[in-house]
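Visitor: let me see the structure of the following:
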Amino acid sequence: MADSQKTVADLGEFGLLAEINAILPGGYTAGPLLLPFGDDCAAVPWPEDALLVSSDAMVEGIHFSRDWTEPEDLAWKSLASAVSDLAAKGAEPVGALVTLGLPPEMEVDWILRMYRFWRRLDEPWICPILGGDTVRSPVFFLDILVFGKPVTGMPISMAGAREGDQILVTGTLGDAVAGLAVLQSKGNVSCDSTAGYLVQRFLRPRPRVSETRDLLLAGLIPTAMTDISDGLTRSVSNLCTASGVGAEIRAERLPVSAALDEWAGSGSRRMAWQGGEDYEILLTVSGDLIGTALEVARQIKVSLTHIGEICGNRNEIRVTGLDVTDLPCGYDHFR
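Guide: Residues are numbered from 1 along each chain as shown. Predicted coordinates:
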């Protein structure tokens, strides 16, 4: 099939991105890129260190439904998901621009409630809204462009993992996809229930800005790092592709919350492997530093779990203790 006849469904989201990334580098002439194309953020040289930029879009009917999303929840999650890309590079947010696509019949108060929430939001990862744009659109969407500065002077690429490196993740995995399932079931959910905890993990994820900053300032510099937005399976695959390596993951080590264990039972590890939108951090460290990494994390109270190892077989990802042959390879917008 000729390229001009292919559709985005033929390539899928990540095939399309690979085609775009193959075109873009030749058009950049202002100086060396500090991160490769396709990483979580773009990074360009800036006086003293670097400026990091990333964007994240959310479209009604694809990423959320107003049937079960309040304006405050969308304001939180849309900003948090964009800031998570900065955290994944070891950067702290500086500011953000918001582009809104609005149907003419959209209720004004719904939009204003988002901005009022952003104005009073007081979190360690907060990113001030500096401006943006509004456009007419057949569906409601928002796109947030965030700017950040690296904590230690240089961003952490996802392309630095090497054979023998050890793989770690922050927090717990699988909660968000379970929370989405609860919301889609349209049942009544108590905030202090197990289901309520999972729903909050989906609606109000916490980007790990403080965690990555504290690890870096404690002297733990990962060889590679990315955030877990489209699922651990996709994040491991992206990191391995960028680094030209493979990985072995031990399913029994995947960190899951007590709430997910209660809600999903024996399926919790499957959800931890394939689920998305937890916005935790996936990182690798040199094999001889794994003990140090875990001890540093314990001392500074960062939840960090050792889940596997980088191997030399390019793009070969093995998962021991879990049948993954029937599991989707992460979230793909076009498949």
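Visitor: contacting residues for the most centrally placed residue in the chain?
Guide: What sits nearest the mean C-alpha location of the chain, by C-alpha atoms, centre = their mean, is residue 229, with 3.1 Å. Counting by C-beta atoms under 8 Å, 6 or more residues apart in numbering, residue 229 makes contact with 81, 84, 235, 276-277, 279. For glycine as for every other residue, the C-beta is placed from the backbone atoms N, C-alpha and C.
Visitor: for it, grab phi and psi.
Guide: phi -110, psi -40 (degrees, to the nearest 10).
Visitor: model confidence for it, exactly?
Guide: Per-residue pLDDT puts residue 229 at 92.
Visitor: excluding its backbone neighbours, what's nearest residue 205?
Guide: residue 279 (4.2 Å; C-beta to C-beta, 6 or more residues apart in numbering).
Visitor: pLDDT below threshold where in the stretch 201-335 of the chain?
Guide: The stretch 201-335 of the chain contains residues with pLDDT under 70 at 324-335.
Visitor: any buried residues in the host helix or strand of residue 216, and which?
Guide: Element membership for residue 216 (DSSP states H and E) is helix 209-217. By neighbour count with 16 or more other C-beta atoms under 10 Å, helix 209-217 contains the buried residues 209-216.
Visitor: and what of stretch 79-95?
Guide: Buried residues in stretch 79-95 (16+ other C-beta under 10 Å): 79-94.
Visitor: check the residues you listed and tell me the two furthest apart.
Guide: 79 and 90 (19.0 Å; C-beta to C-beta).
Visitor: now do the domain split for the protein, please.
Guide: The chain is divided into the following domains under automatic domain parsing: 1-30, 43-150, 166-172+205-320.
Visitor: can you list the buried residues of helix 209-217 in CSV and add distance to residue 110?
Guide: Listed next are the buried residues of helix 209-217 as CSV, based on distance: C-beta to C-beta, whole Å:
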residue, distance to residue 110
209, 28
210, 30
211, 32
212, 33
213, 34
214, 36
215, 38
216, 38
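Visitor: could you export the host helix or strand of residue 181 as CSV, CA atoms only?
Guide: Assessed by DSSP H and E, residue 181 sits inside helix 175-184. Extracted as CSV, the C-alpha positions of helix 175-184 are listed here (Å, rounded to 0.1, in the frame of the first residue of the first chain):
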residue,chain,number,x,y,z
ASP,A,175,-5.4,1.7,40.1
ALA,A,176,-6.4,4.2,37.4
VAL,A,177,-7.7,1.6,34.9
ALA,A,178,-9.7,0.0,37.7
GLY,A,179,-11.1,3.5,38.6
LEU,A,180,-12.1,4.0,35.0
ALA,A,181,-14.0,0.7,35.0
VAL,A,182,-15.8,1.7,38.2
LEU,A,183,-16.9,5.0,36.6
GLN,A,184,-18.0,3.4,33.4
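Visitor: list of residues touching it?
Guide: Under C-beta under 8 Å, 6+ apart, the answer for helix 175-184 is 68, 189, 195, 197-203, 205, 231, 256-257, 259-260, 263-264, 271, 274-279.
Visitor: next SSE downstream of the helix holding residue 216?
Guide: Per DSSP H and E, helix 209-217 leads on to strand 224-228 as the next helix or strand towards the C-terminus.
Visitor: restrict the helix or strand that that next one is followed by to CA atoms and write it as CSV.
Guide: Note on strand 224-228: by DSSP H and E, the next helix or strand toward the C-terminus is helix 232-243. Output in CSV follows, covering the C-alpha atoms of helix 232-243 (Å, rounded to 0.1, in the frame of the first residue of the first chain):
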residue,chain,number,x,y,z
LEU,A,232,3.5,-0.1,31.9
THR,A,233,3.7,-2.4,28.9
ARG,A,234,3.8,0.6,26.5
SER,A,235,6.2,2.5,28.7
VAL,A,236,8.7,-0.4,28.9
SER,A,237,8.4,-0.9,25.2
ASN,A,238,9.0,2.8,24.5
LEU,A,239,12.1,2.9,26.8
CYS,A,240,13.5,-0.3,25.3
THR,A,241,13.0,1.0,21.7
ALA,A,242,14.6,4.3,22.5
SER,A,243,17.6,2.6,24.2
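Visitor: helix 232-243: how far from the chain's middle?
Guide: 12 Å (C-alpha atoms, centre = their mean, to the nearest Å).
Visitor: got the angle for that helix vs strand 224-228?
Guide: When axes from the mean of the first three to the mean of the last three C-alpha atoms, to 10 degrees is applied, the directions of helix 232-243 and strand 224-228 differ by 150 degrees.
Visitor: could you check the angle the helix or strand just after helix 232-243 makes with helix 232-243?
Guide: For helix 232-243, the succeeding helix or strand toward the C-terminus, using DSSP H and E, is strand 246-250. Relative orientation of strand 246-250 and helix 232-243, computed by the same axes, to 10 degrees: 150 degrees.
Visitor: could we number from 660 for the rest of this?
Guide: Renumbered: residue one is now 660, and that last one reads strand 905-909.
Visitor: what's in contact with strand 905-909?
Guide: 826, 891, 895, 898-899, 932, 966-980.
Visitor: tell me the strands beside it, with direction?
Guide: Taking DSSP bridges as the criterion, strand 905-909 sits next to strand 963-970 (antiparallel), strand 976-979 (parallel) in its sheet.
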